[in-house]
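Engineer: Output the structure for:
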Amino acid sequence: MLVRNSYHSEILKFVDKPLVKVVSGIRRCGKSVLMRQIVDLLLENGVSKDHIIYINFESFDFDDIKTAKQLYDFVKKVADKTQRFYFFFDEIQEIDGWEKAINAFLVDFDADIYITGSNSKLLSGELATYLAGRYIELHIYTLSFNEYLQIKGLDANKANLRTEFEKYLKFGGFPIVHANSFDKETAYRVVYDIYSSVILRDAVQRYNIRDIELFERVVKYVFDNIGSKFSAKKVADYFKNQQRKLDLNTVYNYLNVLDSAFVTYRVPRYDIRGKEILKTNEKFFLSDPSLLYALSGYKETYISGVLENLVFLELKRREYKVYVGKLWDKEVDFVAEKAGDKIYVQVTYVMSEEETRKREFTSLKSIKDNYPKYVVSMDTLMGENIDGIKHIHIADFLLMDKY
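Structural biologist: Okay, here's the model as predicted:
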C-alpha cells in the first residue's frame, strides 16, 4: 500500500490536536486509504482497537444510519465519554445534518475526529459556523507522476522517464488503476464507473438535477474544452446553436455542481499588469485526465489541454494558488503564487515550428520581473534557455524538487 508522504506527514502533524481533520477529494482518490493508514499508526502506537470507531457510510454495515441523531446515538452506545476515543467518519456527506453530530461529538466526548467527503461544499455550511477555528482541511488529489513511479516501484533516477510519463499521460492518476496494473481498456472502464458514481451520487442526486441528458451534454462540452477559456454565455450560445435551450443560470448551476463534486477545478484569469483577478473567460481542468478518456476515449487532439491539466494539478498539489495569466493581448498559461513567491509557466505539446517557439517564449519575455519562468513541453530535445526562461520536458518539470 503506497504511503503518500506529503499527505501522510501533513495529517500526522494534527493527530491528537483539538482540531477536526477534514479530508476532501474526488471519490477513489485515496481518502479512505489515508484514513486506514492513520488507524494503523494509532494501533502501532498502543491505542486500543476498542477506542477507534471507523464508519464508512458507503458500507451496508451502516446503511441504517441516515441522520445526525442516529449517528450520535450509535456512537454514544460504543464510546465511553470519560475516555479518549478516535472517530473516523468516511464519506460523511451521506448523513443528513452531519454537521450537528460532529459539533456534538466535540462538545460531549474526549475525541480526536477525522472526516472525509467527496464534496467541496463540505465546509461551506453549518460546519464552518460550528467549527470556526477548530478544523483543518487536507485536500487529496489523484496520483502525481512521482507517486505513479513509486506505486510502480520505479526509481526516478533510473527509470526511462519519457516512456513512463507517456503511460501516466494515458492512464491518469486514480490509484486503483495503477495498483492493479489494468490494461488501457479495463482502466478506462474502471474510471468510467468512478465517473458515473460521481455524476450520479455527487451531482445528479445531491443537487436534484432533473434534465440528466442535458446535464451530461454540458459535462461533455466542459470535458471537450479542457484547457480552453470559456464562459457560461459561451456554453449557452453553443447549445442555442444546437437548437437546445439552456439559460445562463442553469449553466452556472451545472458548472458549480461539477466543481462541488471535484470533477472540475475552476481557474480564474489574472491580469499580470494590473494585478487583479478577472471575472470572465475562466479555464476549467479535470480532477484527473483519465475522466476525459473514459468518457470520450483517448485522442491525440486532447493532448495540449491534458498537458496543461497535469501541470495545473501538480501546482495545486504543491499548494500554489493558480491563475491563468493575461498581459495586454498575450496569455500565460499559469501564474502560480505561494508564500510571496511566484512562477510563470507556459505549456505546449511540442515546439517543432519556430512560430510556436516564438509564441510560447514571447509571452514570458513580456513579464518584467525576476520570478522563475518555464516553458514546459514534450519535445524530445530541449532548446536552449532564453532570457532566463527555462525550457524543460514535462516529466522533469513534474518531478522537480522546487520551482
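Engineer: what sits against the residue of the chain most remote from its centre?
Structural biologist: Of all residues in the chain, residue 82 sits farthest from the chain's C-alpha centroid, using Cα atoms, centre = their mean; the distance is 38.7 Å. With contact taken as Cβ atoms under 8 Å, 6 or more residues apart in numbering, residue 82 is in contact with residue 110. Where you see a C-beta, it was placed from the backbone N, CA and C, and this is true even at glycine.
Engineer: Could you do the one 3 residues further on as well?
Structural biologist: Applying Cβ under 8 Å, 6+ apart to residue 85 gives the contacts 51-53, 79, 109-112.
Engineer: want to throw these into CSV with distance to residue 31 and secondary structure?
Structural biologist: Converted to CSV, the contacts of residue 85 look like this (distance: Cβ to Cβ, whole Å; DSSP: H, G, I helix; E, B strand; the rest coil):
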residue, distance to residue 31, secondary structure
51, 22, helix
52, 17, strand
53, 17, strand
79, 23, coil
109, 23, coil
110, 25, strand
111, 20, strand
112, 17, strand
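Engineer: Quick one, which of those are buried?
Structural biologist: Neighbour counting with 16 or more other Cβ atoms under 10 Å marks 51-53, 79, 109, 111-112 as buried within the contacts of residue 85.
Engineer: Which members of those are the farthest-apart pair?
Structural biologist: 52 and 109 (13.2 Å; Cβ to Cβ).
Engineer: before we move on, the earlier item: next, the residue farthest from the centre of the chain: secondary structure please.
Structural biologist: Look at residue 82: counting by DSSP: H, G, I helix; E, B strand; the rest coil, its state is coil.
Engineer: For it, give me the backbone phi and psi.
Structural biologist: Backbone torsions for residue 82, taken as degrees, to the nearest 10, come to phi -90, psi 0.
Engineer: now do residue 370
Structural biologist: Here residue 370 shows phi and psi, under degrees, to the nearest 10, equal to phi -110, psi 20.
Engineer: count of residues packed around the residue nearest to residue 192 when sequence neighbours are not counted?
Structural biologist: Once its chain neighbours are removed from consideration, residue 192 has its nearest residue in residue 294; the separation is 3.9 Å (Cβ to Cβ, 6 or more residues apart in numbering). Neighbouring residues of residue 294 were enumerated by other Cβ atoms under 10 Å; the total is 23.
Engineer: so what's residue 294 up against?
Structural biologist: Contacts of residue 294 were listed using Cβ under 8 Å, 6+ apart, and they are 188-189, 191-192, 194-195.
Engineer: Buried residues of stretch 151-164, list them for me.
Structural biologist: 151, 161, 164.
Engineer: Looking at the first one now. What's its pLDDT?
Structural biologist: Going back to what we said before, that points to residue 151. The per-residue pLDDT reported for residue 151 equals 95.
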